[in-house]
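1. compute the structure for the input listed below.
(one chain, ligands or ions: 2)
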Amino acid sequence: MGPARRSVPAALRFLGGLSVPLLLLCPPAAQGDCSLPPEVPNAHPTLSDHDLKSFPEGTTVTYKCNEGFVKVPGKPDSVICLSNNQWSEVAAFCNRSCDVPPRLRFASLKRSFSKQNYFPEGFVVEYDCRPGYRRNQTLSDKLTCLQNFIWSTPDEFCKKKSCPTPGDITHGHVSVTTDISYGASISFSCDTGYRLVGSASSYCSLVDQAVEWSDPLPKCQEIVCPEPQEISNGIIQNPRKTYVYQQSVKYQCNPGFTLIGENSIYCTVKDDLGEWSGLPPECKENSQISKGMPTVQKPSMASVPSTKVPSAPQKTTTVNVPAKQTSAVVPRATTHFRSTSSHKGRGTPSSDANIAAIGHTCITLTVLLMTLVTIG
Ligand SMILES: *[C@@H]1O[C@H](CO)[C@@H](O)[C@H](O)[C@H]1NC(C)=O
Ligand SMILES: *[C@@H]1O[C@H](CO)[C@@H](O)[C@H](O)[C@H]1NC(C)=O
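-> Ligands and ions are numbered 1, 2, ... in the order given. Below you'll find the predicted structure:
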C-alpha cells in the first residue's frame, strides 16, 4: 500500500465525530448529479442500490407499477438525469386493469387481444367460437372490464355442434350415452344371434371445422351354427342348408333302431360363435337294447353277430359295407366351427348320406331276414 491510499482513512480518523454532521449539512451530490428520482403515481423506481442518494448525469431510472396496477402501453416508464441536475419529465403510466380475459371452454380470445395485458375499466374484448362450436347469435360474444376490475360474466354464446343423427342398425342397436354433440360417443350392439362387424363405438369428432362421426355404423351379421353332425343309423329330419340362432335339428333313427339321448339339438351362440346345444343322439339297434332287457329278448336276434353296431360314437359320412363291423372309430367332429364358413353345397352331400343310410338299413334288414330263414 502506498502513502496516498493511506491518507483518506487517516483524514477521516482526524475529522472523527465531525464527519457525519458534515455529510448531512452539505448536499452530497457533486456538480451535474441528480438527486432521488421523482414520485410517479402507483409506481416505484427500480434501483439496484436503495441507499443511493445521487445519480450522475445520463443515469436512467425505470419504474415498475405497484401491485394491482398495469403499465399503460405506449407511455414512457423511465426518467433520465439531465445536464441541469433535473430528471426528465414522466407522466403517470400505471393504471388499474382487469386481469387477462378468462379462458373459455367454448371460445378463444380474438387474436388482436391476445398479446395485451392492459385492460382498463370499460374495456371490451371479443371472442371467436372454438372449432366444433357454433355461435348462438342471440347472445353476446363480448366481455367488459367492469368498475371493480372484474370481467363481466360470459354467456355460453357458442354451443357444441351436433353430429348427424346416427341412424339405425339392422338387427342391432345404437346407444346414445349423453347426446350426439361434438365430443360425445355412441356405442353399438347387435341382437342375440348376430355378430358385430365393424366398430363397437363412434365419437363425434372434428373434421375440417365440421363435426362428423369417427366410425361408420357397424353391420350385424347373422351367426350360423356349424353343420350338424350326421348320425349312424339315423337321419336329420327336413335338413336345412344353414342353421341360425335358435333353429333346431331333429334326428330320427332308422327302423329297427332306438334313439338314445335328445332327439333334437338347437343352435346357440357363445362368444359370437354358433354352437349346438348338445351332442346329437345315438341310434342303437333294438336287438342291442333287448340284450340288456331279458323280458323283451328275442332269442333268434342274439345269434346274429354280423349286425353288431359299435357303441363308440362315429360320424358316418361314407357308406360302410353293412355286414362288416366298423372297427376304426372316426372321432367326433368338433362342434366349434366358425359359423362364417361356407354355407353353400351342403344340401347335396347330406341328402346323399341320408339315402345311403336308408340303403344301409335295407341291406341290414335283408341280411337279418336271410339269417332268420337259414336258422329257421
Ligand atoms: C386510467 O384509467 C381510467 C379509466 O379507468 C382513465 O380514465 C385514465 O385516463 C387512465 N389513466 C392513465 C394514466 O392511463
Ligand atoms: C341461444 O341462447 C338463448 C338464450 O340463452 C337460448 O334460449 C337458445 O336456446 C340458444 N340457442 C341455441 C341454438 O342454443
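2. quick one, what contacts the residue lying closest to Glu282 once chain neighbours are set aside?
-> Once flanking residues are discounted, Glu282 sits nearest to Ile260: 4.6 Å by CB to CB, 6 or more residues apart in numbering. For the C-beta atoms, the positions are set from N, CA and C on the backbone; glycine is no exception. Counting by CB atoms under 8 Å, 6 or more residues apart in numbering, Ile260 touches 281-284.
3. make it 7 Å
-> 281-282, 284 (CB atoms under 7 Å, 6 or more residues apart in numbering).
4. residue in the stretch 251-376 of the chain nearest to ligand 2?
-> Closest residue of the stretch 251-376 of the chain to ligand 2, CB to the nearest ligand atom: Asp272 (41.9 Å).
5. equivalent analysis for the stretch 101-250 of the chain, please.
-> Asn136 (3.6 Å).
6. helix, strand or coil for Ile289?
-> Put simply, Ile289 is helix when judged by DSSP: H, G, I helix; E, B strand; the rest coil.
7. so it touches Gly256, yeah?
-> No: the criterion here is CB atoms under 7 Å, and Ile289 misses it with Gly256 at 10.6 Å.
8. could you dump the contacts of Ile260 into CSV with pLDDT, neighbour count and distance to ligand 2 added?
-> Supplementary listing: the contacts of Ile260 in CSV, determined by pLDDT from 0 to 100; neighbours: other CB atoms under 10 Å; distance: CB to the nearest ligand atom, whole Å:
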residue, pLDDT, neighbour count, distance to ligand 2
Pro281, 95, 20, 66
Glu282, 94, 21, 70
Lys284, 93, 20, 75
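9. these two touch, right, the residue of the stretch 251-376 of the chain closest to ligand 2 and Val197?
-> No: in this structure, Asp272 is not within contact of Val197 by CB under 7 Å, at 9.9 Å.
10. which one's more surrounded, the two?
-> Asp272 (15 against 12; other CB atoms under 10 Å).
11. check which helix or strand covers the spatially closest residue to that one that is not a sequence neighbour.
-> Nearest residue to Asp272, sequence neighbours excluded (CB to CB, 6+ apart): Arg195, at 4.6 Å. Taking DSSP states H and E as the criterion, Arg195 maps to strand 194-197.
12. with just CA atoms, put that strand into CSV.
-> What follows is strand 194-197, C-alpha atoms only, in CSV (Å, rounded to 0.1, in the frame of the first residue of the first chain):
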residue,chain,number,x,y,z
TYR,A,194,-75.8,-61.6,-34.6
ARG,A,195,-72.2,-60.7,-34.7
LEU,A,196,-71.0,-57.1,-34.8
VAL,A,197,-68.7,-56.4,-37.8
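13. strand partners (parallel or antiparallel) of that strand?
-> strand 219-222 (antiparallel) (DSSP bridges).
14. which residues does the partner strand contact?
-> Against strand 219-222 from outside (CB under 7 Å, 6+ apart): 169-172, 190-191, 193-198, 244.
15. got a list of contacts for the strand holding Arg195?
-> Counting by CB under 7 Å, 6+ apart, 171-172, 188-190, 218-223, 272 sit against strand 194-197.
16. partners of the helix or strand just after that strand in the sheet?
-> Next along the chain after strand 194-197, taking DSSP H and E as the criterion, comes strand 201-207. Paired with strand 201-207 in the same sheet, following DSSP bridges, are strand 185-190 (antiparallel), strand 210-213 (antiparallel).
17. so for strand 201-207, mean pLDDT?
-> Mean pLDDT, strand 201-207: 95.
18. how many other residues sit next to Cys100?
-> For residue 100 the amino acid is Val, not Cys. For Val100, using other CB under 10 Å, the count is 14.
19. touching, it and Asn117? I think so.
-> Yes: in terms of CB under 7 Å, Val100 counts as a neighbour of Asn117; the distance is 6.2 Å.
20. nearest residue to Ala92 in space, please, no chain neighbours.
-> Pro41 (4.5 Å).
21. give me the element the one you found is part of.
-> Using DSSP H and E, Pro41 sits within no helix or strand.
22. quick one: it and Ala91 touch, right?
-> No: the pair Pro41 / Ala91 is not scored as a contact, 9.3 Å apart, by CB under 7 Å.
23. what residues are up against Trp213?
-> So Trp213 contacts 163, 166, 202, 204 (CB under 7 Å, 6+ apart).
24. change it to 6 Å
-> Taking CB atoms under 6 Å, 6 or more residues apart in numbering, we find Trp213 in contact with 163, 202.
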